[in-house]
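**Q** from the sequence below, what's the structure:
(4 chains)
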Protein chains: 2
Amino acid sequence: MTGLAAEALMNRVARGPLPDWRVFAEAFSVSRVAAGASVFRPGDQDRRIFIVRSGLIKLVYTLPDGEEWIKSFIAEEKFFACSSTLQSGAAAGFGAEAMEPSELEHCDFSVLERLAGQHIEWARVLNALLLDFAAKKEERERVFLTLKPADRFVWLKSTMPSLVERVPQKDLAAYLGVTPVGLNRIIKRLEKD
Amino acid sequence: MTGLAAEALMNRVARGPLPDWRVFAEAFSVSRVAAGASVFRPGDQDRRIFIVRSGLIKLVYTLPDGEEWIKSFIAEEKFFACSSTLQSGAAAGFGAEAMEPSELEHCDFSVLERLAGQHIEWARVLNALLLDFAAKKEERERVFLTLKPADRFVWLKSTMPSLVERVPQKDLAAYLGVTPVGLNRIIKRLEKD
DNA sequence: GTCATCGATTAATCCTGGTTAATGCGGGAC
DNA sequence: GTCCCGCATTAACCAGGATTAATCGATGAC
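**A** Model (predicted):
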């Protein structure tokens, strides 16, 4: 209908047709970002919600000493936002950067807030999105808490095989909480079985 | 008004008075659990939401080999639930156990679901609770991803000093993802400064 | 009171991943 | 084509936490 990836995303979580759909759809813009370009930086106060139409985004914590750890990868039809989007006032603790040339749909979060305040259907959608997000973070907590680095890679390969193909090893390492050298050693060790 | 800890919790996240408050309040029961007793076990399908009136609960992942890792501690006026509460169908991957003699208020989650489906105010409350939960899991992700074991303990002491007093060292260890012996060594090392 | 139990502490040893550094490889700029 | 640069790979060495085991202390059962 609109051709938006946002539509696919919303249809996935909504139980039926959504009122004021046009208000939502028309609030979106589409931007192109080059590989390596940043979408927002740590410290920014950005109130937009982003949906990936094509490409791949990484959310990155940067420590004072320059170390970088990857919070998550966002692929097609998935969404992301700066921390201040959901908790207004807060500044982003992490940045967002394109890993491939990407197309992003984005709109101000206040649009969704307003719709959720007016229609229970939109409130339910917001709920489902949050729940989805919470479940992902919870799973990541489980992985870090109960799995050793080597097992974390095995888990990654079995649950997100396409990512392992698509992403450079050093970024997989930064996502799993090990150094690039460390991950390479783990992989070679596994290959000997 | 009701004397429920649930009331304090809801008032903290709601922006104003909530419709059908009685429906909510009267859906609750209160249970006492002895220290060491379990509230639900991994694999259970429990659709209740629990609020701690007094005492302390731990949520625990138990691995096939018997290892135990603590997902979180739940103290007074905080809530918790089995995974199947929010994602019906799913079974709990973790169990809940009282660390102190505790009083728990609980009601079937369907009550909240129904209220949220009828009143936008309740939908907003549910949203706020989910957001709160997501933020906590996100913070925990950050801690595991960017902090070494020793720094995780420093972080714990500065953000939840009361927990460090209240909880045995071995449980702090299981929460931080290190062994009891490991944590003890870390603490002693830190004391030499 | 004694005993048993559980948690804290300490020490010895092991092991996995971190650190540093060197080499190789491949793709892009020119 | 050549030159770079970033990533992967490998090796040597280091370090922090894991493992195992022994001791100690406090608490609760009896």
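**Q** please name the residues that touch A:Leu147.
**A** Counting by C-beta atoms under 8 Å, 6 or more residues apart in numbering or on different chains, A:Leu147 makes contact with A:Trp155. Using the backbone N, CA and C atoms, a C-beta is placed for each residue, glycine as well.
**Q** check contacts around the residue nearest the centre of chain A.
**A** Centroid-nearest residue in chain A: A:Ile74, 3.7 Å away (criterion: C-alpha atoms, centre = their mean). Applying C-beta under 8 Å, 6+ apart to A:Ile74 gives the contacts A:50, A:52, A:56-59, A:80, A:96.
**Q** closest one to DNA strand C out of those residues, please.
**A** A:Leu56 (16.0 Å; C-beta to the nearest atom of the strand).
**Q** looking at it, that closest one is touching A:Glu97, isn't it?
**A** No - the pair A:Leu56 / A:Glu97 is not scored as a contact, 10.0 Å apart, by C-beta atoms under 8 Å.
**Q** burial count for the closest residue to A:Tyr175 other than its chain neighbours?
**A** Leaving out its chain neighbours, the residue that sits closest to A:Tyr175 by C-beta to C-beta, 6 or more residues apart in numbering or on different chains is A:Ile70, at 4.2 Å. Neighbour count of A:Ile70, defined by other C-beta atoms under 10 Å in any protein chain shown: 22.
**Q** A:Ile70 falls within a strand, correct?
**A** Yes - according to DSSP: H, G, I helix; E, B strand; the rest coil, A:Ile70 belongs to a strand.
**Q** that one contacts A:Val60, doesn't it?
**A** Yes - between A:Ile70 and A:Val60 there is a contact at 5.6 Å, judged by C-beta under 8 Å.
**Q** show me the domain layout of chain A.
**A** According to automatic domain parsing, chain A comprises the domains A:5-134, A:147-193.
**Q** ok, now how distant is the residue of chain A found nearest DNA strand C from A:Trp69?
**A** When distances are taken as C-beta to the nearest atom of the strand, chain A reaches nearest to DNA strand C at A:Gly182, 2.1 Å away. Distance, A:Gly182 to A:Trp69, using C-beta to C-beta, to the nearest Å: 13 Å.
**Q** any idea how far the longest helix along chain A is from the chain center?
**A** Ordering each helix of chain A by length in residues (DSSP state H) puts helix A:120-146 first. Taking C-alpha atoms, centre = their mean, to the nearest Å, the mean C-alpha location of helix A:120-146 is offset from the chain mean by 12 Å.
**Q** where does the residue of chain A closest to DNA strand C fall, secondary structure wise?
**A** Using DSSP states H and E, A:Gly182 falls within helix A:180-191.
**Q** close to DNA strand D, is that helix?
**A** Yes - for helix A:180-191, a contact with DNA strand D is found by C-beta under 7 Å from any atom of the strand, at A:180-181, A:184-185, A:187-188.
**Q** quick one on the thing from earlier: residues contacting the residue nearest to A:Tyr175?
**A** Residues in contact with A:Ile70, defined by C-beta under 8 Å, 6+ apart, are A:58-61, A:171, A:174-175, B:145.
**Q** next: A:Lys71.
**A** A:58-61, A:94, B:141-142, B:145.
**Q** adding neighbour count, write those residues out as CSV.
**A** Formatted as CSV, the contacts of A:Lys71 follow (neighbours: other C-beta atoms under 10 Å in any protein chain shown):
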residue, neighbour count
A:Lys58, 22
A:Leu59, 22
A:Val60, 20
A:Tyr61, 19
A:Phe94, 26
B:Glu141, 21
B:Arg142, 16
B:Leu145, 17
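**Q** near DNA strand C, list only the ones from the residues you listed.
**A** When the contacts of A:Lys71 are checked against DNA strand C using C-beta under 7 Å from any atom of the strand, none falls in range.
**Q** run through the strands of chain A in chain order.
**A** Using DSSP state E, the strands of chain A run over A:29-33, A:38-40, A:48-54, A:57-62, A:68-74, A:79-81, A:94-98, A:102-108.
**Q** and the ones you listed: which comes nearest A:Val167?
**A** Checking the strands of chain A against A:Val167 by C-beta to C-beta gives strand A:68-74 as the closest, at 6.8 Å.
**Q** that closest one close to DNA strand C?
**A** No - Strand A:68-74 is not in contact with DNA strand C by C-beta under 7 Å from any atom of the strand; minimum separation 10.5 Å.
**Q** now do that strand: distance to the chain's middle.
**A** Worked out by C-alpha atoms, centre = their mean, strand A:68-74 lies 8 Å from the chain centre.
**Q** ok, stretch A:95-108 next?
**A** Counting by C-alpha atoms, centre = their mean, stretch A:95-108 comes out at 10 Å from the chain centroid.
**Q** and stretch A:142-151, by the same measure?
**A** 21 Å.
**Q** and it, anywhere near DNA strand D?
**A** No - using C-beta under 7 Å from any atom of the strand, we find that stretch A:142-151 stays clear of DNA strand D, coming within 8.2 Å at best.
**Q** just stretch A:88-105 next, same as before
**A** No - judged by C-beta under 7 Å from any atom of the strand, stretch A:88-105 and DNA strand D are separated, with a smallest distance of 9.4 Å.
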